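Asker: Turn this into a model:
(4 chains)
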Protein chains: 2
Amino acid sequence: MTTMLEVARRAGVSKATVSRVLSGNGYTSQETRDRVFQAIEESGYRPNLLARQLATKNTQTLGLVVTNTLYHGVYFSELLSHAARMTEDRGRQLILADGKHSAEEERQAIQYLLDLRCDGIIIYPRFLSVEEMDEIIEQHSQPIMVLNRKLRRHHRHCVYSDQQAAAAAVVDKLVEMGHTDIAFITGSADSPTGIERLAGYKQALVRHEIPLRDELIAHGKWTPACGAAGVSTLLGRGARFSALVASNDDMAIGAIKQLHQAGVSVPEQVSVVGFDDIALAPYVIPSLASVKMPVTEMIQETISRLITMVEEGEAGELPSFSGKLIRRDSLKRLLE
Amino acid sequence: MTTMLEVARRAGVSKATVSRVLSGNGYTSQETRDRVFQAIEESGYRPNLLARQLATKNTQTLGLVVTNTLYHGVYFSELLSHAARMTEDRGRQLILADGKHSAEEERQAIQYLLDLRCDGIIIYPRFLSVEEMDEIIEQHSQPIMVLNRKLRRHHRHCVYSDQQAAAAAVVDKLVEMGHTDIAFITGSADSPTGIERLAGYKQALVRHEIPLRDELIAHGKWTPACGAAGVSTLLGRGARFSALVASNDDMAIGAIKQLHQAGVSVPEQVSVVGFDDIALAPYVIPSLASVKMPVTEMIQETISRLITMVEEGEAGELPSFSGKLIRRDSLKRLLE
DNA sequence: TTGTATGCGTTATCAC
DNA sequence: GTGATAACGCATACAA
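Answerer: Numbers count the residues shown, from 1 in each chain, chains lettered A, B, ... in the order given. Purely as a prediction, here's the structure:
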């Protein structure tokens, strides 16, 4: 690989000069600029980003940690595509690290990005506790943003929705539509998001004085197959319901399939609701739409805040955006 | 950030010694090892990967370039999750670069990964021509693998399926099942894959002496919305068909939705076929399954070959794997 | 077994 | 305007 020194020799100047014309910092005459570019052309020179990053102590990259279990399913590609686009719009590069499927591996992924000296890091935790997240933020100088968790101490470092309220709102709407037999398929039992959504379902039932019936609750683990299995379980119990709330889009998709196979028409006989909506919408599954923060806005707020921290060294107090419950227009639209 | 020098001082040794105990290269006494680890603990030292990569001229990373248009949809998350897992299984890290939506941006993404000195690069081209891919491979010392394209010169550097044959095989099966009115929704007109799949459809019709009817062909651009629009177009024309081939899974999903909305039952009245299958299967869309190489195998072969090149410096002639037409068991299974 | 010295390819701070 | 030269943090050949 040809280096800067090689270019300097060809152009008959010093490394320093080549560096100047390339970075645009410092004065250089038009003539030497031409000669340098000429030399670059001829030699096929390409800057070594590693060396540059080491010298400048600045990588122009943001790291993202996501659990492997999210890689499958419709939510992830939305998350990633927005994150990548927005990061690059801000002149930086997104680096993805796999959080795999355990707390330890999630830690390793974070550590890797830190060791790579990313300017900032975004974490979508799945196994790490909010306590540990708070600690990690304190222990490192790089700015860190946490998605989908409400941190105890670092409020400015997290963006999340009130999952319980969102789930309750969905049930509210169903009740409003006249449903009383509302089934529910849970997410993973060890997932905070899953737990909160289930709590919201129960909370809303209580609010509407609808008795909670265990036979209407099936347990899943976020995948389409679980959604299908959940429906089988419900039907197998002889449970009767006119609405079904699945804890995410993937399970809703699986559930609808299974309902179809069982000869139940959707949404005529059973209304099915997912939670993520953005990804689901194009798939035309009859969703009630999400009441929680859409991925797009969530990522946008996160990256925007992270980059502010990176550039201003964490100075300045930002207003808290998290916890805001956003009702999307699509909710109304789809309910008509 | 505390560096190696700091650790060396604390442990009362030289930087070189610290480096040795960390890398495991060279001899070190148990005692100094203990002291060094002790010092590392105390100081919270973390290695700077950038410096290490610069010094060793080895990054232990593989780069992947994918167009932004693929980010949406079910195929991408499959592709990425397998790529990430397999890369890490081989002890390396995958770095994703966004190819966005033009040839120029695809070039830039490749260039970025090269400048980052990735050990090897995988490209899933969308806008770059095979000619240019061949040139890029020749111009760079890093090993490069190309997905889903048949290169003219560097046969060992690409893994692909015969898309035309795959499409034809799908039609063959439909004909075998008794269908003669087979509609088709194309992919993007500027996409090689899309063109080849359409060609396969036409080829099979000719082979079975079924007249080609333009009214049975709708044009799409890979998205679910296009699949739905395609169905609308077909129905709007008053076209009658008992089978519909969509050029990818996303469009098949959209098409099925639209058929449902139009009161057409699937698959009773119309059989719908997608192409990617792996992602589609859990969603329970009645697919005929893919005849082309599944993502999993494609990625596996690619990474395996790439790492071989990286480690052996491109030495050794590998047998050609590309172009192999893999019939999946699911094809039979689903057709029963 | 350990230390010294040099290199990796840049950037940045000086003089000139 | 330009050229030495010292960082940046780590690895490694060689000497000890």
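
Asker: Do a quick rundown of the strands in chain A.
Answerer: Applying DSSP state E to chain A gives strands spanning A:61-67, A:93-100, A:120-124, A:144-147, A:158-159, A:182-186, A:217-219, A:243-246, A:271-273.

Asker: helices and strands around the fifth one, which ones?
Answerer: Just to be clear, that refers to strand A:158-159. When contacts are defined as 3 or more CB pairs under 8 Å, 6 or more residues apart in numbering or on different chains; DSSP states H and E, strand A:158-159 sits against strand A:144-147, helix A:295-312. Using the backbone N, CA and C atoms, a C-beta is placed for each residue, glycine as well.

Asker: if we compare the ones you listed, which one ends up closest to chain B?
Answerer: Ranking these by proximity to chain B (CB to the nearest CB) places helix A:295-312 first, at 11.8 Å.

Asker: any bit of that closest one sitting next to chain B?
Answerer: No. Where contact is defined by CB under 8 Å from any CB of the partner chain, no part of helix A:295-312 touches chain B; the two come within 11.8 Å at best.

Asker: just checking, what packs against that helix?
Answerer: Helix A:295-312 makes packing contacts with strand A:61-67, helix A:74-89, strand A:120-124, strand A:144-147, strand A:158-159 when contacts are defined by 3+ CB pairs under 8 Å, 6+ apart.

Asker: B:Arg153 is nearest to which of these?
Answerer: With respect to B:Arg153, and counting by CB to CB, the nearest of the helices and strands packed on helix A:295-312 is helix A:74-89 at 31.5 Å.

Asker: picking up where we left off before, compare the strands of chain A and give me the one nearest B:Ala51.
Answerer: For B:Ala51, the closest of those is strand A:61-67, at 15.8 Å, according to CB to CB.

Asker: contacts for that closest one?
Answerer: A:76, A:79-80, A:83, A:87, A:92-101, A:106, A:109-110, A:113-114, A:116, A:118-127, A:303, A:306-307, A:310 (CB atoms under 8 Å, 6 or more residues apart in numbering or on different chains).

Asker: got the end-to-end distance for stretch A:132-148?
Answerer: Across stretch A:132-148, the terminal residues are separated by 15 Å (CA to CA, to the nearest Å).

Asker: and it, how far out from the chain's middle?
Answerer: With CA atoms, centre = their mean, to the nearest Å as the basis, the distance from the averaged C-alpha position of stretch A:132-148 to the chain average is 16 Å.

Asker: can you pull the contacts of A:Ala255?
Answerer: For A:Ala255, the contact set (CB under 8 Å, 6+ apart) comprises A:Ile185, A:Gly227, A:Ala228, A:Gly230, A:Val231, A:Leu244, A:Ala246, A:Val272.

Asker: Surely the first one is in contact with A:Ser247?
Answerer: Yes. Under the criterion of CB atoms under 8 Å, A:Ile185 lies in contact with A:Ser247, with a separation of 6.0 Å.

Asker: out of the two, which sits in the more crowded spot?
Answerer: Of the pair A:Ile185 and A:Ser247, A:Ser247 is the one with more neighbours under other CB atoms under 10 Å in any protein chain shown, namely 33 against 30.

Asker: Now for the closest residue in space to that one that isn't next to it in sequence, how many residues are close by?
Answerer: In space, A:Ser247 comes closest to A:Gly187 once its chain neighbours are excluded; the distance is 4.0 Å by CB to CB, 6 or more residues apart in numbering or on different chains. A:Gly187 is surrounded by 26 other residues when neighbours are defined as other CB under 10 Å.

Asker: do A:Val264 as well
Answerer: If you count neighbours by other CB under 10 Å, A:Val264 ends up with 17.

Asker: need the contact list for the closest residue to it other than its chain neighbours.
Answerer: In space, not counting the residues next to it along the chain, A:Val264 is nearest to A:Val270; the distance is 5.6 Å by CB to CB, 6+ apart. Each residue near A:Val270 by CB under 8 Å, 6+ apart is listed here: A:Phe241, A:Ser242, A:Ala243, A:Leu244, A:Leu259, A:Val264.

Asker: How about the residues of the stretch 51-200 of chain A by chain B?
Answerer: Applying CB under 8 Å from any CB, one finds that the stretch 51-200 of chain A approaches chain B through A:51, A:53-54, A:59, A:68, A:71-74, A:76-78, A:80-81, A:84-85, A:88, A:93-98, A:111-112, A:114-117, A:139, A:141.

Asker: Quick one: buried ones out of those?
Answerer: A:51, A:53-54, A:59, A:68, A:71-74, A:76-78, A:80-81, A:84-85, A:88, A:93-98, A:112, A:114, A:116-117 (16 or more other CB atoms under 10 Å in any protein chain shown).

Asker: before we move on, back to that, out of the contacts of A:Ala255, flag the one nearest to B:Gly26.
Answerer: Nearest to B:Gly26 among the contacts of A:Ala255 is A:Gly227, at 55.1 Å by CB to CB.

Asker: The closest one contacts A:Ala252, correct?
Answerer: Yes. Using CB under 8 Å as the test, A:Gly227 is close enough to A:Ala252 to be in contact (6.1 Å).

Asker: domains of chain A?
Answerer: Structural domains assigned to chain A are A:4-56, A:61-160+A:295-321, A:163-293, following automatic domain parsing.

Asker: tell me which helix or strand of chain A sits lowest on mean pLDDT?
Answerer: Ranked by mean pLDDT, DSSP states H and E, the helix or strand of chain A with the weakest confidence is helix A:329-335, at a mean of 26.
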